[in-house]
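> Next come a sequence and a model predicted from it.
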Amino acid sequence: MAATVAETLSNPITICNPKPTRVCFSYAAYAKNVIQHLKSSKIIVDKGLSDIEFSTIESNFTFIFPPDLRSILQEGLPIGPGFPNWRSSSQQQLEIIKNLPILSLCKDVKKCNFWVDFWGIRPRDNDRAVDIAKGYLKKAPVLVPIYQHFYIPCTPCLAGNPVFYVHDGEVKLWSFDICGFFHQVEFQRKEMILRRPSLFNLMNTPAWAATEARKIEFWTEMAETAARETDAREMEATRGAGRHLRWSEDLEGYLEGVFLRLTEAGWKEEDVREMMMVEDGGGGDGSGDWRRRCDDGAFVDKKDVESHVRLLSKRLLRAGWSTEDVVDTLGSSEEIYPEEDSCIDFYHKTS
């Protein structure tokens, strides 16, 4: 039997509260902050692009502005140095700006300064190599210029695409999204340079800001390959520095050995210190002067060391030492510099 209205009202119905609805963040508020920041940095900002202007630009250059960049350009159009003027620049100028990443990388390929492994083996013929590189680059998602050599891919046409730096044979992932880009740079009207990772106080990172970089066809792999090559070069440089450090340590031991030999031969420490110093540093302990010179980098150049040893040999010879005694004490410089004349030969040539 159906319940009466009175019975229904007397029995309250428990209603489960639905989960809080996710807020759909609008890019408009963030865009206002970006434009306000640019204006406060003395960047010239024109009125935002209209829907008709967006359609014309996208039709002429066959790409679609990502939603987050589009929102900023709707709020205001930066036209200061380094920013693309989508309204007043000629189509030819904008075409060059849009194609600049391809033109720049192809130029470096021709100079043999740029190539990536996933393109295959580089042909010896430069023109052929440029054709291969151009083929890959033209198939890649279009990079829409933001400022100078910083670009955001238009594919996928979603908010949150990463920003890449492409210039002079370099392809770098600069920031996770356009929000990160504007938080990592500081615009200055006089110098118009970017300084990372400066943060400006006018903007707070929005909740929708990317926390990791979205993978972009072609460009992500390019940036990762370039990063690996950079790491390899830095590692090799570190190894080179380590080899140089060991060489410096060997030099220090060599000079200390000379000091001990001279003092054991009956020379006073003050006399040895005076002879062994090119410049009086007031070492006080006899060996500290050349040790400090090694630590300070004065002997980084091997020629500098050779000059020091030659000067010491000349002083010993003038003090009455025989050539054999000098060689026995100092050792022939050929042990360290086989391609150079020995310190003894140097003395005979100049005396």
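Received it, and whenever you're ready, just let me know what you need. Quick caveat, the model's predicted, so the values are computed rather than measured.
> pLDDT of the helix or strand encompassing L94, averaged?
Assessed by DSSP states H and E, L94 sits inside helix 91-110. Helix 91-110 carries an average pLDDT of 94.
> do the same with stretch 169-180
Rounded mean pLDDT across stretch 169-180 is 92.
> Quick one: name whatever helix or strand follows the helix holding L94.
Next in sequence after helix 91-110, counting helices and strands by DSSP H and E, comes helix 126-139.
> Which other helices and strands does that following helix contact?
helix 91-110 (3 or more Cβ pairs under 8 Å, 6 or more residues apart in numbering; DSSP states H and E). In this view, the C-beta of every residue, glycine as well, is placed from N, C-alpha and C.
> how about the helix it packs on: buried residues?
L94, I97, K98, N99, L100, P101, I102, S104, L105, C106, D108, V109 (16 or more other Cβ atoms under 10 Å).
> ok, so of those residues, who is nearest K134?
Nearest to K134 among the buried residues of helix 91-110: C106, at 5.6 Å, using Cβ to Cβ.
> I figured the closest one was touching V130, is that so?
Yes: assessed by Cβ atoms under 8 Å, C106 is found in contact with V130 at 5.2 Å.
> Check which helix or strand R214 maps to.
Secondary structure (DSSP H and E) places R214 outside all helices and strands.
> Distance check, it against P78.
Computed as Cβ to Cβ, to the nearest Å, the R214 to P78 distance reads 24 Å.
> T56 now?
19 Å.
> Looking at the two, which has the bigger crowd around it?
P78 (24 against 15; other Cβ atoms under 10 Å).
> And the more buried one, how far from P153?
20 Å.
> Tell me which stretches of this protein form strands.
Residue ranges of the strands in the chain, as given by DSSP state E, are 45-47, 76-78, 143-147, 150-153, 163-167, 170-175.
> and D117, what does it touch?
Contact partners of D117, counting by Cβ atoms under 8 Å, 6 or more residues apart in numbering, are T225.
> what's the pLDDT at it?
Predicted confidence (pLDDT) at D117: the value is 84.
> same question, K314
In this model, K314 carries a pLDDT of 70.
> likewise Q148?
Reading off the model, Q148 has pLDDT 90.
> Need phi/psi at the closest residue to it other than its chain neighbours.
Closest residue in space to Q148, ignoring its immediate chain neighbours: G82 at 4.5 Å, by Cβ to Cβ, 6 or more residues apart in numbering. Backbone torsions of G82, given as degrees, to the nearest 10, read phi 100, psi -20.
> correct me, but G82 touches I146?
No: G82 lies out of contact with I146 (Cβ under 8 Å); the separation is 9.4 Å.
> Looking at the two, which has the bigger crowd around it?
Neighbour totals were compared for G82 and I146, and I146 leads with 23 against 16 (other Cβ under 10 Å).
> Let me see the contact set for the more buried one.
If you count contacts by Cβ under 8 Å, 6+ apart, then I146 has L69, F83, I152, V163, I178, F181 around it.
> And those, which is closest to L49?
For the contacts of I146, the nearest to L49 is L69 (10.7 Å; Cβ to Cβ).
> Now do the same for the closest one: its pLDDT.
96.
> Make sure it is actually in contact with I152.
Yes: look at L69 against I152 with Cβ under 8 Å: they come within range, at 5.9 Å.
> which residues do those two both contact?
V144, I146, I178.
> of the residues you listed, closest to E256?
I146 (58.5 Å).
> Quick one, grab the pLDDT at L311.
71.
> separation between it and V272?
Counting by Cβ to Cβ, the gap from L311 to V272 is 14 Å.
> Name the residue in the two with the higher neighbour count.
V272 (20 against 17).
> nearest residue to that one other than its sequence neighbours?
That would be L262: by Cβ to Cβ, 6+ apart, it lies 4.6 Å from V272.
> Would you confirm that V45 contacts P78?
Yes: in this structure V45 lies within contact range of P78 using Cβ under 8 Å: 5.3 Å.
> Please enumerate the helices of this structure.
Remark: helices assigned in the chain by DSSP state H are 5-10, 27-40, 51-61, 67-75, 91-110, 126-139, 178-183, 219-264, 269-276, 288-296, 302-318, 323-330, 343-350.
> Compare the mean pLDDT across those and name the weakest.
Looking at those, the weakest mean confidence is helix 343-350, a mean of 40.
> so what's the nearest residue to F218 once chain neighbours are set aside up against?
Spatial nearest neighbour of F218, chain neighbours left out: A140 (3.8 Å); criterion: Cβ to Cβ, 6+ apart. Taking Cβ under 8 Å, 6+ apart, we find A140 in contact with E217, F218, W219.
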